[in-house]
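> Okay, sequence plus prediction incoming.
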Amino acid sequence: MPSRIRAARTDDLGALYDLSKLTGGGFTNLPPDKATLASKLERAAAGFSRTGENPGNDLYVFVLEDMDSGAIRGTCQVFGAVGTDRPFYSYLISTLTQKSTELGRIFRNQTLNLTTDLEGSSEVGGLFLHPHERSGGLGMLLARSRYLFIKQHRPRFAGTVLAELRGVMDQAGHSPFWDAIGGRFFGMTFPEADEFNAVHGTQFIADLFPKSPIYVSMLPESAQAVIGQPHPTGRAALKMLENENFFWDDYIDIFDGGPTVTCRTDRIRTVQEAEWKLVGGSGSGGATRLLAAHTRADFRACYGQVEEDGNGELRIDEAAMRALDVGPGDRVLAVSR
């Protein structure tokens with residue numbers, strides 16, 4: 001029986017908490033704090049049950065479920081629109097050009113500018129896969145299932161989707177970027193600030209972060225070197241995002257300097273290529289496709305072996321049909337693996 005993606009429920013709290021303790025820090029969307037995770041699941045339940053079809057302050061949480069054991073082995077999230085209830089801050093890397101007539105020289109300096117440019121965008125995030133499950137395409141299943149959900153509920157999402165990637169930090173969880181900037185204004189280590197942000201929100205950033213542009217050349221070389229660089233464990237995630245047409249447009253996370261990538265929602269490859277198909281019945285062969293069925297709280301996604309008949313209907317292997325809870329005559333979204 002395959003693994004499948006399904007909408008998270010409030011009774012998944014214990015499993016999500018166990019996963020959160022394995023992240024190694026820096027995962028703002030999956031903090032090892034039961035109260036915060038419980039709040040996320042309650043917010044997700046409200047988002048799945050909301051009947052309006054417009055972008056809103058919704059959070060959708062999904063889990064990767066082993067169909068044999070029922071164990072939760074991964075999770076991911078989608079936000080309907082960021083910055084609707086509190087500011088969504090980023091640094092934008094800009095270039096300031098200055099000319100000295102006396103010296104006969106032109107100076108170009110990169111600066112970091114605190115901005116809320118990305119407010120109103122949708123966000124994909126919170127993707128974490130149990131370390132023992134990082135094979136067999138399960139990370140890809142988690143990642144792309146979010147885009148199928150967006151395709152199913154397109155009016156609920158903005159015209160742009162963003163993704164923040166965790167920045168570079170050492171094994172103890174310390175970030176050279178944070179130490180160079182944030183740590184000087186907050187009196188907290190990076191792990192402390194990251195946890196505080198996950199639990200309490202961003203108001204402390206507005207209160208204490210410097211509003212003036214910061215010259216990159218004035219930062220320590222250790223901080224300069226990690227600007228816009230993903231954590232080594234996030235390079236595969238960045239590659240998957242790039243394969244979906246996301247790109248880096250000089251926005252970085254204000255805590256660890258990791259890249260924030262964006263894509264126009266209708267240009268996301270999975271959104272573009274996924275097609276609605278009718279299930280004709282069960283089959284036993286064919287190509288592997290990513291499939292999704294049902295909507296909102298009943299959303300399901302998995303890999304399946306699929307054959308397409310002359311009428312354009314799909315013959316799907318029985319295990320995938322059970323995972324999706326579909327039968328002949330039902331509609332599924334299908335996209336090549």
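All right, it came through fine.

> next helix or strand past the lowest-mean-pLDDT helix or strand in the chain?
Least confident helix or strand, the chain: helix 203-208 with a mean of 75, by mean pLDDT, DSSP states H and E. Under the assignment DSSP states H and E, the closest C-terminal helix or strand after helix 203-208 is strand 214-215.

> Quick one: list the elements packing against the next helix or strand after that following strand.
Toward the C-terminal end, the helix or strand that comes next after strand 214-215 (DSSP H and E) is helix 221-224. Using 3 or more CB pairs under 8 Å, 6 or more residues apart in numbering; DSSP states H and E as the contact criterion, the elements in contact with helix 221-224 are helix 176-180. For glycine as for every other residue, the C-beta is placed from the backbone atoms N, C-alpha and C.

> for the helix it packs on, packing partners?
Helices and strands touching helix 176-180, by 3+ CB pairs under 8 Å, 6+ apart, are helix 190-200, helix 221-224.

> and the ones you listed as a markdown table, adding mean neighbour count?
Shown next, in a markdown table, are the helices and strands packed on helix 176-180 (neighbours: other CB atoms under 10 Å):
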| stretch | mean neighbour count |
| --- | --- |
| helix 190-200 | 17 |
| helix 221-224 | 14 |
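
> which stretch in these is the model least sure about?
Note on the helices and strands packed on helix 176-180: lowest mean pLDDT is at helix 190-200, with a mean of 81.

> So what touches that one?
Here helix 190-200 makes contact (CB atoms under 8 Å, 6 or more residues apart in numbering) with 25-26, 28-29, 31, 33, 35-36, 169, 173-175, 178-179, 182-183, 186, 188, 204-205, 255-256.

> Ok, stretch 324-337 next?
Contacts with stretch 324-337, where a contact means CB under 8 Å, 6+ apart, come from 4, 137, 140, 144, 148, 151-152, 270, 273-281, 287-294, 298, 300-304, 306, 314, 316, 321.

> And the buried ones among those residues, selectable in PyMOL?
Entered in PyMOL, the line below selects the buried ones among these, by 16 or more other CB atoms under 10 Å:
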select buried, resi 4+140+144+148+151+152+270+274+277+279+280+289+290+291+292+293+294+300+301+302+303+304+306+314+316+321
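
> now do the same end-to-end measure for stretch 274-291.
Stretch 274-291 has an end-to-end distance of 9 Å (criterion: CA to CA, to the nearest Å).

> for stretch 75-90, that is, sorry about that
By CA to CA, the extent of stretch 75-90 from end to end equals 25 Å.

> Could I get the average pLDDT for it?
In this model, stretch 75-90 has a mean pLDDT of 93.

> can you give me how far that stretch is from the chain middle?
Mean C-alpha position of stretch 75-90 versus that of the full chain (CA atoms, centre = their mean, to the nearest Å) differs by 10 Å.

> And stretch 192-212, by the same measure?
20 Å.

> looking at the protein, which residue ends up farthest from its center?
Centroid-distance maximum for the chain: E102 at 49.9 Å, with CA atoms, centre = their mean.

> In terms of helices and strands, where is it?
Here E102 is assigned to no helix or strand, by DSSP H and E.

> and the spatially closest residue to L148 that is not a sequence neighbour, what does it touch?
Distances taken as CB to CB, 6 or more residues apart in numbering put A292 closest to L148, at 4.0 Å, once the chain neighbours are dropped. With contact taken as CB under 8 Å, 6+ apart, A292 is in contact with 145, 148-149, 152, 274, 299-301, 324, 332-333.

> cool, K277 as well?
Counting by CB under 8 Å, 6+ apart, K277 touches 308, 312-314, 331-334.

> The residues you listed into CSV, with extra columns for pLDDT, distance to G14 and secondary structure?
Formatted as CSV, the contacts of K277 follow (pLDDT from 0 to 100; distance: CB to CB, whole Å; DSSP: H, G, I helix; E, B strand; the rest coil):
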residue, pLDDT, distance to G14, secondary structure
E308, 93, 41, strand
G312, 90, 43, coil
E313, 96, 40, coil
L314, 97, 36, strand
R331, 97, 34, strand
V332, 98, 31, strand
L333, 98, 30, strand
A334, 98, 33, strand
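
> those helices in the stretch 201-337 of the chain, which residues are they?
Along the stretch 201-337 of the chain, the stretches classed as helices by DSSP state H, counting those that start in this stretch are 203-208, 221-224, 235-243, 269-273, 318-324.

> Return the last one as PDB; C-alpha atoms alone will do.
The C-alpha coordinates for helix 318-324 follow below in PDB (Å, rounded to 0.1, in the frame of the first residue of the first chain):
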ATOM      1  CA  GLU A 318      -6.100  -0.500  -7.000                       C
ATOM      2  CA  ALA A 319      -3.700   0.600  -4.200                       C
ATOM      3  CA  ALA A 320      -3.700   4.100  -5.400                       C
ATOM      4  CA  MET A 321      -7.500   4.100  -5.800                       C
ATOM      5  CA  ARG A 322      -7.900   3.000  -2.200                       C
ATOM      6  CA  ALA A 323      -5.400   5.700  -1.100                       C
ATOM      7  CA  LEU A 324      -7.400   8.300  -2.900                       C
END
